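**Student:** I'd like to go over a predicted model; first the sequence, then the structure.
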Amino acid sequence: MAEFEFTEEQRDMRALVRTFCADAWPETEVRRLMDTPEGFDREVWRRLGGDLGILGLAVPEEYGGEGRGIVDLAIIAEECGRVVACSPFLSTVALSATALLHSADEGPRKALLTEIITGQKVVALAATDASGQWQPANGSVTAAQVSDGWTLTGAQSHVIDGAAADALLVLAQTPSGPTLFLVDPSAPGVTREPQTTLDQTRRMAVVTLRDAPGTVVGAVGGGDEAVAKARDVGAVVLAAEAVGGSQRLLDISVEYAKTRLQFGRPIGGFQGVKHRCADMLVAVEDARSTAYHAAWALDDDSVDDARVAVDLATVVTADAYRRVAKDTVQVHGGIGFTWEHPTHLYYKRAASDAALLGGRAAASERLAAGVLDAAS
Amino acid sequence: MSALTTADSEPAQQSAGRAIAIETARRVVAEHPPTTTPRREFMEACFDAGLAWIQFPKGLGGLGLEPGLQADVDRILQGAGGPVPFALNPMGYGMAGPTVEAHGSEDLKRQLLRPLYICDEIWCQLFSEPGAGSDLAGLATSAVQADGEWVINGQKVWTSAAHKARRALLLARTDPGAPKHRGLTYFVLDMHDPGVEVRPLRQMTGEAEFNEVYIRDAHIPDAHRLGDVGEGWRVAMTTLMNERNAIGGGSSLRGSGSIGSALRLWKDRPDLRTPALRERLLSLFARADSSRLTGQRHRAERGDAAAGPRGSIGKLVGAELNQDVYEFCMDMLGIEGTIYSGYQPRPDGTPEPTDGEDFARKFLRSRANTIEGGTSEVLRNVIGERLLGLSGDIRVDIGKAWRDIPRG
């Protein structure tokens, strides 16, 4: 499959998901879900898994998935981003399913993957520390071996969908290195406290463990690698969401610039506004290219160095999304700053996404180390 | 749905076309190894095999395939050491070829395309005038019909390669009484006509890449007209869209072009590095690489579609990026950047060959990037109006005869 050329099947899927998203997450519904305890609708989630069958696109067929790839996930993410969909797609499909797939452990993996793919279970990947830093070298959860297994103690903050999750995949420190554990949130010793998030469409929570029982997933000491794979896929999903979100903002800005009259003519006819819109389009186009490229690079390592491609996508899409969001406020004038107008939903997501999974700053630093310092 | 999402194309047909293009390119390279074959002979073989402009009809330098396949072909030809036609004859290959193919008579295509491609005839473009730059349609050079010929009078400016060109694309006014866009006609001018005088135009770098061209009673046969009388603006649009695509097309290699120069400077001069410069260079790299990928994506998505206003995106970004990259290099070089390699132009007007990068010269030269080939302001208008559908600027020249519009 040549890079940047979508198949007929992928184009059909995009159209299907776009219709689904428009139906499932109109702005009124996004605003309603923002105020619910979990932040998403479990029935909609089950339909995505069951009726549409798109939660297992990147999962191999032997685990009940479609055996396709990250490009397919990116298409879904882009469409979800367009409507700021309230769903556990990032936590459950991009992060947890990928971490499970890269943990060589048939038992819990197969059972849990099946429940993820069908939309039956929401799973959170807890790989932060107590202050919310992503995948720290010295995590703040420690695992101790006891007679009949392991217990985990410590706290992690900013765990995406941590409060709603039916299962937690927790990265914890063991004497043999960072290890992934499956933790039942209803087990004794587990408490979860929802955080008030800047982006109300994406929930986070503090997960505290006090001698909570955990089951090893994959190899003891192999947790970092599984989480790193998950982060790559998560970063591409965030990048593609940013493309969908910024495209939507560009669309509404252009629509407004065509209809809003000042000084007797549409404001889009004035170069101050027109040129801002042109720059927004350029930003969206570059964001789209890097997001797609990163997806292709994860699927096919002959396309590019995946490390560079993913970090480039994070840097470029984060910048583009924030830039387009702030330009959208500006083009709309006062109305763009109101609670009633949709822009702030996107603006807050753009700001929040730029900090998730290590964020734009860490990606930029890795890119600098890889591209600039490595060349020296 | 955005007007910019993937163009529909037929995947199966596409891969068949790609196979033909690649196989043809490999055959030409095998039969005429470019490292041992004289350049002209190699280019003749490429033209005759249909690899010059892959989308052109067979017999006219093409194979009637999708334009996007040219990149695959070029990788093979140039990868084997073949010449870069755009570098040898930029106006000819990038702009004149597509314009002649789109608007010329069959005779004219047969007469002009082959010598153009094999570089027997270098081309230039006589568009801009002292009084008509961004407002190209305001130009004053006149073409008057007499005895089946056209007589041309006027002055052009900013003409690259005029001093070595055999032919020129010429936009001239044939009806001063018509509104400005309607009174134009498009011609192919023989630069050896005795009425054509080329004078070098020295720019701030000290070089004279460009020229002024004075035209006094030059003659053009009517057969060398492209498109109908009064339809010159429409023909010029083909040229301009191809120009922006050619300028903005960019390279398909990471870290090539101006950002490549900056990366080499970073690599070669650890003594000049600072953390602030590192952050700036990384940001420039991200812009350059995303723009490179956008160019690749647009080519992949373009399929059968002709060059369009999307070409403006790459031109706009590339021009501003070049300037920022060379400003970065000058900041990094500090006091070293204040010494210049020399202001004397060579007799043919081309840059002095220098050791290394010659950042100061590139820094000065880059100022022209946001002016030449369409100013950044005009390109943002094109993007805003043609890609996003926003309304046009307020105009005071609409519907007026050209001769009644104030100029200066």
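**Tutor:** Right, received. Where do you want to start? Numbering: from 1, shown residues only, chains lettered A, B, ... in the order given.
**Student:** So what touches stretch A:256-267?
**Tutor:** Here stretch A:256-267 makes contact (C-beta atoms under 8 Å, 6 or more residues apart in numbering or on different chains) with A:268, A:273, A:274, A:277, A:331, A:332, A:333, B:389, B:390, B:391, B:394. Quick note: C-beta positions are derived from backbone N, CA and C, even for glycine.
**Student:** In the stretch 101-250 of chain B, mark out all the helices, start to finish.
**Tutor:** B:106-117, B:232-248 (DSSP state H, counting those that start in this stretch).
**Student:** Of those helices, flag the one that's most buried.
**Tutor:** helix B:232-248 (a mean of 22; mean count of other C-beta atoms under 10 Å in any protein chain shown).
**Student:** Report all helices and strands that that one contacts.
**Tutor:** helix B:97-103, strand B:167-173, strand B:184-190, helix B:311-333 (3 or more C-beta pairs under 8 Å, 6 or more residues apart in numbering or on different chains; DSSP states H and E).
**Student:** Turn the contacts of stretch A:256-267 into JSON lines, including secondary structure, pLDDT and neighbour count.
**Tutor:** Formatted as JSON lines, these follow (DSSP: H, G, I helix; E, B strand; the rest coil; pLDDT from 0 to 100; neighbours: other C-beta atoms under 10 Å in any protein chain shown):
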{"residue": "A:268", "secondary structure": "helix", "pLDDT": "97", "neighbour count": "26"}
{"residue": "A:273", "secondary structure": "helix", "pLDDT": "98", "neighbour count": "23"}
{"residue": "A:274", "secondary structure": "helix", "pLDDT": "98", "neighbour count": "25"}
{"residue": "A:277", "secondary structure": "helix", "pLDDT": "98", "neighbour count": "27"}
{"residue": "A:331", "secondary structure": "helix", "pLDDT": "97", "neighbour count": "25"}
{"residue": "A:332", "secondary structure": "helix", "pLDDT": "97", "neighbour count": "20"}
{"residue": "A:333", "secondary structure": "helix", "pLDDT": "95", "neighbour count": "12"}
{"residue": "B:389", "secondary structure": "coil", "pLDDT": "97", "neighbour count": "13"}
{"residue": "B:390", "secondary structure": "coil", "pLDDT": "97", "neighbour count": "24"}
{"residue": "B:391", "secondary structure": "coil", "pLDDT": "96", "neighbour count": "16"}
{"residue": "B:394", "secondary structure": "coil", "pLDDT": "87", "neighbour count": "9"}
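**Student:** what kind of secondary structure is residue A:66 in?
**Tutor:** Three-state assignment for residue A:66 (DSSP: H, G, I helix; E, B strand; the rest coil): coil.
**Student:** Neighbours of the residue nearest to it when sequence neighbours are not counted, how many?
**Tutor:** Spatial nearest neighbour of residue A:66, chain neighbours left out: residue A:57 (4.8 Å); criterion: C-beta to C-beta, 6 or more residues apart in numbering or on different chains. Using other C-beta atoms under 10 Å in any protein chain shown, residue A:57 has 22 other residues around it.
**Student:** want to throw the contacts of stretch A:256-267 into JSON lines with distance to residue B:175?
**Tutor:** Below are those laid out as JSON lines (distance: C-beta to C-beta, whole Å):
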{"residue": "A:268", "distance to residue B:175": "33"}
{"residue": "A:273", "distance to residue B:175": "36"}
{"residue": "A:274", "distance to residue B:175": "31"}
{"residue": "A:277", "distance to residue B:175": "36"}
{"residue": "A:331", "distance to residue B:175": "41"}
{"residue": "A:332", "distance to residue B:175": "45"}
{"residue": "A:333", "distance to residue B:175": "45"}
{"residue": "B:389", "distance to residue B:175": "31"}
{"residue": "B:390", "distance to residue B:175": "31"}
{"residue": "B:391", "distance to residue B:175": "28"}
{"residue": "B:394", "distance to residue B:175": "25"}
